[in-house]
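1. need coordinates for the below:
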Amino acid sequence: QVQLVESGGGLVQAGGSLRLSCAASGRPFRTYTMGWFRQAPGKEREFVAAIALSGGRTVYADSVKGRFTISRDNAKNTVYLQMNSLKPEDTAVYYCAARTTAIATLRPSDYAYWGQGTQVTVSS
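-> Reported below is the predicted structural model:
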């Protein structure tokens, strides 16, 4: 079992930055791939970014490429999402997720463990 707790959300103006954190506990952190997803009101949950076990491979949604950076610190059991140049359309609840395989995938159904989410609101 893996427990995930997100933090770092909040209200920011367009063009601003936020850094989300996701602290993991349970089985060894280095054994699972981590992902960030988001869900806006009335929309389906969508992929944002993922990072493989060692942090060597990352994948991003086209909508955030060049603005967001995912990273992980296996010593601290934490994954981060640095979000720069935020836009109003980035407003959503952001979730971190974990899967116990080495491949970073984009489908929410591929991830077995989820945090409770943290709200990010970007004002125009």
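
2. number of residues surrounding residue 39?
-> A count of neighbours around residue 39, defined by other Cβ atoms under 10 Å, yields 15. From N, CA and C alone the C-beta is placed, and that goes for glycine too.

3. kindly report the same for the one 5 residues further on.
-> Applying other Cβ under 10 Å, we find 8 residues neighbouring residue 44.

4. doesn't it belong to a strand?
-> No. Under DSSP: H, G, I helix; E, B strand; the rest coil, residue 44 falls outside any strand and is assigned coil.

5. per-residue confidence for it?
-> As predicted, residue 44 sits at a pLDDT of 96.

6. ok, the one 10 residues further on next?
-> Among the per-residue scores, residue 54 holds a pLDDT of 75.

7. residues contacting it?
-> 30, 74 (Cβ atoms under 8 Å, 6 or more residues apart in numbering).

8. so which strand or helix has it?
-> Using DSSP states H and E, no element contains residue 54; it sits outside every helix and strand.

9. what about it, distance to residue 31?
-> Computed as Cβ to Cβ, to the nearest Å, the residue 54 to residue 31 distance reads 11 Å.

10. also residue 90?
-> Residue 90 is 30 Å from residue 31, by Cβ to Cβ.

11. what's the burial count for residue 124?
-> Per other Cβ under 10 Å, the neighbour tally for residue 124 reads 9.

12. and residue 50, by the same measure?
-> Residues near residue 50, counting by other Cβ under 10 Å, number 25.

13. separation between it and residue 118?
-> Distance from residue 50 to residue 118, by Cβ to Cβ: 17 Å.
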